[in-house]
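when you get a sec, could you give me coordinates for this:
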Amino acid sequence: MNTSKCTVITHPLVQHKLTIMRMQETPSSEFRRLLRETSMLLAYEVTRDLPLTMVDINTPITTMKAPVIDGKKITIVSILRAGNGILDGMLELIPSARVGHIGLYRDPETLTPVEYYFKMPPDISQRDIIVVDPMLATGNSAAAAISRIKSVSPLSIKFVCLIASPEGLSIFHQEHPDVHVFTAAIDEKLNDHGYIVPGLGDAGDRIYGTK
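A predicted model of the protein is given here:
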């Protein structure tokens, strides 16, 4: 596991909200709200190193040079469907971000990812990408998504999730040692069905109230 390319965000608010999301009795409406709030905090951390440039502005008092984000706005790429739960929160903090989507489902027998949808902004090669998905479980879907996104040559890629498994991080960084992962927790292990333990269950089902 490449821990040098993984940042665990230990902010107390992130950890508190994640604990409530883990609870089996937390309803979908509360889960969605907490995920949106947590996603804003994760976005704050993952954008900490965005480059700045100085521009001339007029305040009500005088003129000055002030910092703004340099270059093209970032693109947030959601791995459908659960990634949309993080996407919504991040867009509240970064409303000018462009949005991409990649649809992958996990074959229940082989646990390998199958792509069914891919849509990106047209100028993706000039943008930095933040890929979002609540769970990094087996690592197969995330790694496949990153490979597909790399095919359109963005400037850079970061991956953001709520919870990662050690096995998933290992698989992910075997294929993409250059991609930094930001997560709120690295849990104990995967079970025989490819779910993170202790985890929080199926994130998509928890978000949308499905089974």
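
can you pull the contacts of the nearest residue to Leu200 once chain neighbours are set aside?
Nearest in space to Leu200, with sequence neighbours left out and distances taken as Cβ to Cβ, 6 or more residues apart in numbering, is Arg22 at 4.5 Å. (Glycine included, C-beta is placed from N, CA and C.) Contacts for Arg22 (Cβ atoms under 8 Å, 6 or more residues apart in numbering) come out as Pro198, Gly199, Leu200.

hmm, Ala184 and the last one touching each other?
No - counting by Cβ atoms under 8 Å, Ala184 is not a contact partner of Leu200; they are 10.7 Å apart.

need the residues touching each of those two.
Jointly contacting Leu200 and Ala184 under the rule Cβ under 8 Å, 6+ apart are Leu18, Leu162, Ile163.

which of those fall in helices?
Leu18 (DSSP state H).

reformat the shared contacts of Leu200 and Ala184 as TSV; add pLDDT.
Listed next are the shared contacts of Leu200 and Ala184 as TSV, based on pLDDT from 0 to 100:
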residue	pLDDT
Leu18	97
Leu162	96
Ile163	97
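
so which of the shared contacts of Leu200 and Ala184 comes closest to Pro95?
Comparing the shared contacts of Leu200 and Ala184 against Pro95 with Cβ to Cβ places Leu162 closest, at 21.8 Å.

list the contacts for the closest one?
Residues touching Leu162, when contacts are defined by Cβ under 8 Å, 6+ apart, comprise Leu18, Met21, Leu35, Thr38, Ile86, Pro134, Met135, Thr183, Ala184, Ala185, Leu200, Ala203.

where does the fifth one sit: helix, strand or coil?
Judged by DSSP: H, G, I helix; E, B strand; the rest coil, the three-state class of Ile86 is helix.

is it correct that Ala66 is in contact with Thr53?
No - Ala66 sits out of contact with Thr53 when judged by Cβ under 8 Å, with a separation of 10.1 Å.

residues near Pro122, how many?
With neighbours defined by other Cβ atoms under 10 Å, the count for Pro122 comes to 8.

can you tell me the SS state at it?
Per three-state DSSP, Pro122 ends up coil.

give the contact list for Phe31.
Each residue near Phe31 by Cβ under 8 Å, 6+ apart is listed here: Met21, Arg206, Ile207.

and the gap between it and Leu136?
From Phe31 across to Leu136, the span is 18 Å (Cβ to Cβ, to the nearest Å).

do Leu104 as well
Leu104 sits 13 Å away from Leu136, going by Cβ to Cβ.

likewise Glu115?
The span separating Glu115 from Leu136 equals 18 Å under the rule Cβ to Cβ.

more neighbours: which of the two?
Between Glu115 and Leu136, counted using other Cβ under 10 Å, Leu136 has the larger neighbour count: 27 against 14.

my guess is that one contacts Ile146, does it?
No - checked against Cβ under 8 Å, the pair Leu136 and Ile146 is beyond contact range at 11.1 Å.

list residues touching both of the two?
Listed contacts common to Leu136 and Ile146 are Phe159, Phe172; contacts here mean Cβ under 8 Å, 6+ apart.

pLDDT weak spots in the protein?
Low-confidence segments of the chain (pLDDT under 70): 1-3, 111.

so how far is the lengthiest helix in the chain from its chain's centroid?
Here the longest helix in the chain is taken by residue count, with DSSP H as the criterion, and it is helix 28-46. Mean-position distance between helix 28-46 and its chain equals 11 Å (Cα atoms, centre = their mean, to the nearest Å).
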